[in-house]
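[1] no FASTA, just this:
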């Protein structure tokens, strides 16, 4: 028989061992659960492990040996404007693919994001006044304007339509005329700089998070104007008018004067003018405001004016597809190489210039990022992938298409009133539909605010990124990178990633003359690019991309968005006011 002391000791040992084994089991279960989670869901380290030696190498290569302006000249001068669906954007896709392969990227290829619409080119456009005086005017064809099929000459007529009822007074008066569509706007003195850099006060405002949401009345009013323009177009076609002249809009700080004209979807007769079913029925040109003003005033004074013009344009197909340029530097860590960090910008542009600041700058900066990293022969733990998108100017088509194919998408409403809207304005039709690779992308970095250097980064309200990026920019403050803003910023391709729960970031850039003069204008040329700023931007973006590729964990994420619930969440609370009646209840009682 066993000794009593031994038995007591054994009992005690067993009693202590049982809870220890349970604790170990719970710990093992927790470790197993963590191992199955994407790394962005795990607690983030308080201190970033920065490779300052690589910071130095990237800075030296990016600033001392920059090739960004060589890429810029080849793209802007050698290829030119890159309207989506055009022969030039096809050349740009192929050129960027070949350049990325030549610098050492792997898997350089084009990805089809779907059918876009009509291919189009402006070959030549000129407009002049033939009487009561002769004058040469500054004009360009609106995108997807049909050709005039040679020189046309006709009497001009002024047409000012603010609402649909205004159309009646022009019936029977437009046949055989060249129509000045729209009233003359004020042309104010250029009493503020057209070229500015952000100062500390500006950056402090950007860093401050707004407590009230910005109003979106502009979009609503813009779409109303475009709907009215389409009705105007139908009247012009039925009346057999010969052509339309539109006045150029203004830029910030009164920059839309002095020969600068802005030519984009707002300058035609409808948003969907790139689709055959919505083709503009007659030639449309945008005219410099000073030239437009002269003819407008003569007509208001009842002086007959004869205009001559030749709009020489070419359609290259009704069902052109859009493509994105994709290439990568493969990851080398056995556990992380299937995860991805992406960098990019949109390759397409409008057609009135060469699309230098919008967004040739973002394209060549992203290419320079890949060149820098290839030149340094980095061995990233995660795969670094570049995406150069097309169709951005018409609604982020290229990046949305890529994200939909690889990561997920937001279904859009198919209600009759929604289908007629551009996709970027349509309401969601259901919850997110995600693909497995949505969990394998750490983040996407985008440049699309002109030629200015990088001053910081917008977090898209992803506050968990702030302490990470604050550490990343500390060694970059001598380059001017100082500001972290929690704000959302929109209007470009990082939104396509952010909308499906992937961290997507747009950098804060010096404004320069982007909004005042170059954005969508005939002045958006190579000369507006700032070489030092672009070299700095490529250097900073390369460091952000490298850090993301080398971290142990993927970047933290916001909660998964639920766009289908937004209207419900914004709706007024019900049964809130004592003694009050909700609108629905009131309507139900009144209808009984």
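    Ah, there it is. Not measured: the values here are computed from a predicted model.

[2] Strands of the stretch 51-200 of the chain, start to end?
    Remark: strands assigned in the stretch 51-200 of the chain by DSSP state E, counting those that start in this stretch are 106-131, 135-137, 139-141, 152-159, 178-181.

[3] which of the ones you listed is buried the deepest?
    Highest mean neighbour count among these (mean count of other C-beta atoms under 10 Å): strand 139-141, with a mean of 27. Placement of C-beta: from N, CA and C, glycine included.

[4] That one pairs with which strands, parallel or anti?
    Strand 139-141 pairs in its sheet with strand 284-287 (antiparallel), by DSSP bridges.

[5] ok, and what's touching the very next helix or strand once past the strand it pairs with?
    Scanning forward in sequence from strand 284-287 by DSSP states H and E, the next helix or strand is helix 289-300. Outside helix 289-300, the residues that touch it by C-beta atoms under 8 Å, 6 or more residues apart in numbering are 127, 129, 132, 135, 137-139, 156-158, 180, 183-185, 187, 245, 247-248, 250, 256-259, 261, 305, 307.

[6] any idea of the angle helix 289-300 forms with strand 152-159?
    80 degrees (axes from the mean of the first three to the mean of the last three C-alpha atoms, to 10 degrees).

[7] where's the residue lying closest to residue 353 once chain neighbours are set aside, which helix or strand?
    In this structure, residue 353 finds its nearest non-sequential neighbour in residue 524, 4.1 Å apart by C-beta to C-beta, 6 or more residues apart in numbering. Counting by DSSP H and E, no helix or strand carries residue 524.

[8] Kindly state which of the strands of the stretch 51-200 of the chain is positioned closest to residue 536.
    strand 106-131 (26.1 Å; C-beta to C-beta).

[9] still on that earlier bit, roughly how far does the residue nearest to residue 353 sit from residue 352?
    Applying C-beta to C-beta, to the nearest Å, the value for residue 524 to residue 352 is 7 Å.

[10] Looking at those two, which one has more neighbours?
    residue 524 (32 against 27; other C-beta atoms under 10 Å).

[11] gap between the more buried one and residue 80?
    Residue 524 is 11 Å from residue 80, by C-beta to C-beta.

[12] any common contacting residues for these two?
    residue 354.

[13] all helices for the stretch 351-500 of the chain, in order.
    When secondary structure is read from DSSP state H, counting those that start in this stretch, the stretch 351-500 of the chain shows helices at 361-375, 397-406, 416-419, 466-473, 494-498.

[14] among those, which is the most enclosed?
    helix 361-375 (a mean of 27).

[15] Could you figure out how far that one is turned away from strand 106-131?
    Per the same axes, to 10 degrees, the angle that helix 361-375 makes with strand 106-131 is 150 degrees.

[16] so who does the most centrally placed residue in the chain touch?
    Nearest residue to the geometric centre of the chain (C-alpha atoms, centre = their mean): residue 492, 1.4 Å. Shown in contact with residue 492 (C-beta under 8 Å, 6+ apart): 346, 359, 392, 396, 446, 448, 506.

[17] Help me confirm that the fourth one comes into contact with residue 494.
    No - proximity of residue 396 to residue 494 does not meet the contact threshold set by C-beta atoms under 8 Å, at 9.6 Å.

[18] Mind listing what's buried along stretch 421-430?
    Neighbour counts over stretch 421-430 (16 or more other C-beta atoms under 10 Å) mark 421, 425, 426, 428 as buried.

[19] Revised request: answer the last question for stretch 335-345.
    Buried residues in stretch 335-345 (16+ other C-beta under 10 Å): 336, 339, 340, 341, 342, 343, 344, 345.

[20] I'd like the distance from that stretch to the chain centre, please.
    Distance, stretch centre to chain centre, for stretch 335-345: 20 Å (C-alpha atoms, centre = their mean, to the nearest Å).

[21] what's the first-to-last distance across it?
    28 Å (C-alpha to C-alpha, to the nearest Å).

[22] Can you say which of the helices of the stretch 351-500 of the chain is nearest to residue 433?
    helix 397-406 (8.9 Å).

[23] what does the closest one rub up against?
    84, 111, 113-114, 116, 322-324, 326, 344, 346-348, 387, 389-392, 409, 423, 435, 437, 493, 496-497, 499-500, 502.

[24] Can you flag the buried ones in the residues you listed?
    For the contacts of helix 397-406, buried by 16+ other C-beta under 10 Å: 84, 111, 113, 116, 322-324, 326, 344, 346-348, 387, 389-392, 409, 493, 496-497, 499-500, 502.
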